[in-house]
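Q: Quick one, what's the 3D model for this:
(one chain, ligands or ions: 1)
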Amino acid sequence: MVTYSGKAKDVIALNDKEVQINFRDSISAFDGVKKEELAEKGIINCLTSVKLFEILDKYGFKTHFISKISDSKLLCKKVTILPIEVVCRNISAGSFCKRYGFEEGIRFEQPLIEFFVKDDEHHDPLITESVAVQMKFITENEAILMEAITRAVNEVLIKIFDLISLQLVDFKLEFGRTTEGQLLLADEISADTMRLWEKKTGEKKDKDRYRQDLGDVIVHYKDILERLNSIQKLPDYKPLSTVQVIIKLRKSVLDPAGEVTFHSLSRKGFKRIESVRLGKSAEIAFNAVPSSVLQSEIEEISEKILSNPLIEDFELKIRHHSEKSEKEHFQEK
Ligand code: UDP
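A: Sure, this is the predicted structure:
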């Protein structure tokens with residue numbers, strides 16, 4: 001029994017923990033206004049997703065993918081799909097150009113991350129992180145993790161596609177939440193959900209071929225898959241996630257050192273200070289990609305080792321450092 005039928009895939013619940021995802025040959029664009037059936041498309045997108053999920057898994061990303069049932073069917077972990085799509089852009093294209101009137105092909109110095117609401121009726125509107133959290137689409141923690149994971153996925157995918165002479169222009173990720181609250185990469189990652197240009201010529205290889213009636217959609221989708229399958233050795237990638245843990249005394253606990261600082265500042269003439277509470281901060285760098293698992297580990301470290309739970313509270317600020325930004329960071333110093 002089909003539990004959910006989307007524009008290009010059907011989802012069948014198998015049990016409490018697993019679903020089967022069937023990739024169909026349907027292709028659509030412009031909120032489903034333009035649609036068609038393209039032979040082999042289901043298989044190609046399914047196999048491309050398998051390949052990319054397997055690659056991401058090797059780099060430590062947590063995904064919903066379990067195994068392949070057939071060339072167009074996947075066994076995946078059952079998750080609640082979060083109603084926010086995360087788009088990462090390296091080069092301007094698509095809705096970004098339309099929204100601002102910018103030309104296509106502008107290379108960004110740093111990848112841009114955008115959140116969109118999954119809502120066909122309102123044409124998947126752009127949403128700020130704070131509105132997404134305020135409206136309870138996602139938690140603040142999830143918003144931070146989703147952005148950090150997307151940035152790390154971008155770094156890995158840029159390297160993968162560079163190896164096969166393709167330029168990663170942009171892509172969209174969807175995330176799912178397990179019953180235990182773990183965040184997993186979900187849905188699909190294929191030529192339908194990213195833009196890829198031939199490195200040498202700039203030729204479009206992705207769904208824009210369908211959107212813009214460029215023809216040979218399946219020829220190019222297949223070529224991407226074949227190139228991915230030709231990769232012998234995955235590129236090196238050194239993940240780095242840094243976390244700042246801020247440890248504060250609980251409000252109810254007296255802070256004599258803070259009091260002394262307060263009085264000394266008042267004596268020095270800083271009259272606008274109402275109170276001072278001192279705390280400590282730790283910055284920890286992990287050689288891992290961001291994930292809920294990593295986050296739980298950080299919470300455990302913060303709770304059990306860095307802070308004294310009787311008198312202190314902690315706050316986490318998770319950041320993902322790209323290899324590029326790290327290099328620049330050190331060069332600056
Ligand atoms: N995308 C997607 N599903 C969507 C919207 C976008 O997979 O519902 C992908 C799209 O293929 C592109 C990237 O996300 O690789 C950015 O898309 P954009 O916001 O430019 O929108 P579009 O051009 O699809 O209107």
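
Q: alpha carbons only for contacts and neighbour counts from here, please
A: Fine.

Q: Spit out the contact partners of the residue most central in space within the chain.
A: Closest residue to the average C-alpha location of the chain: residue 150 at 2.5 Å, with C-alpha atoms, centre = their mean. Counting by C-alpha atoms under 8 Å, 6 or more residues apart in numbering, residue 150 touches 86, 88, 173.

Q: can you tell me the residue of the stretch 201-333 of the chain closest to the ligand?
A: Nearest residue of the stretch 201-333 of the chain to the ligand, counting by C-alpha to the nearest ligand atom: residue 207, 6.3 Å away.

Q: Quick check: which element contains the residue nearest to the centre of the chain?
A: Here residue 150, judged by DSSP states H and E, is contained in helix 140-163.

Q: So is that helix next to the ligand?
A: No: applying C-alpha under 6 Å from any ligand atom, one finds helix 140-163 out of contact with the ligand, separated by at least 12.1 Å.

Q: Toward the C-terminus, what is the element adjacent to that helix?
A: Following helix 140-163 toward the C-terminus (DSSP H and E): strand 166-177.

Q: same for the helix or strand just after that following strand, what does it pack against?
A: For strand 166-177, the following helix or strand on the C-terminal side (DSSP H and E) is strand 183-186. Where contact means 3 or more C-alpha pairs under 8 Å, 6 or more residues apart in numbering; DSSP states H and E, strand 183-186 is packed against strand 166-177.

Q: What ranges does the stretch 151-300 of the chain have for its helices?
A: Applying DSSP state H, counting those that start in this stretch to the stretch 151-300 of the chain gives helices spanning 208-211, 217-229, 256-267, 292-301.

Q: Is residue 259 in contact with residue 278, as I believe?
A: No: taking C-alpha atoms under 8 Å as the definition, residue 259 is not a contact partner of residue 278, at 9.0 Å.

Q: any idea how far the helix holding residue 150 is from the chain center?
A: Relative to the centre of its chain, helix 140-163 is centred 5 Å away, using C-alpha atoms, centre = their mean, to the nearest Å.

Q: So which of the contacts of residue 150 wins on neighbours?
A: residue 88 (23 neighbours; other C-alpha atoms under 10 Å).

Q: quick one: residue 274 from residue 266, how far?
A: 9 Å (C-alpha to C-alpha, to the nearest Å).

Q: Settle it for me: which of the two has more neighbours?
A: Taking other C-alpha under 10 Å, residue 274 and residue 266 do not tie; residue 266 has more neighbours (15 against 8).

Q: give the contact list for that one.
A: Per C-alpha under 8 Å, 6+ apart, neighbours of residue 266: residue 273.

Q: Contact partners for residue 10?
A: Per C-alpha under 8 Å, 6+ apart, neighbours of residue 10: 2-4, 21-24.

Q: what's around the closest residue to residue 183 other than its chain neighbours, how many residues?
A: Nearest non-adjacent residue to residue 183, counting by C-alpha to C-alpha, 6 or more residues apart in numbering: residue 177, 4.8 Å away. Neighbour count of residue 177, defined by other C-alpha under 10 Å: 20.

Q: And residue 62, by the same measure?
A: So residue 62, with other C-alpha under 10 Å, has 21 neighbours.

Q: hey, what's the residue lying closest to it once chain neighbours are set aside bridged with?
A: Nearest in space to residue 62, with sequence neighbours left out and distances taken as C-alpha to C-alpha, 6+ apart, is residue 184 at 5.3 Å. For residue 184, the beta-bridge partners are residue 176 (DSSP bridges).

Q: Okay, residue 184 and residue 178: tell me how far apart.
A: From residue 184 over to residue 178 (counting by C-alpha to C-alpha), the distance is 8 Å.

Q: quick one: which of those two has more around it?
A: A direct count of neighbours by other C-alpha under 10 Å for residue 184 and residue 178 places residue 184 higher, at 24 against 16.

Q: Would you mind measuring from the more buried one to residue 256?
A: 44 Å.

Q: Repeat that for residue 278.
A: Distance from residue 278 to residue 256, by C-alpha to C-alpha: 9 Å.

Q: before we move on, back to that, who's in contact with the residue nearest to residue 183?
A: 79-82, 183-184.

Q: do that again at 6 Å, thanks
A: 79-80, 183 (C-alpha atoms under 6 Å, 6 or more residues apart in numbering).

Q: Check residue 258 too.
A: Applying C-alpha under 6 Å, 6+ apart, the residues near residue 258 are 276-278.
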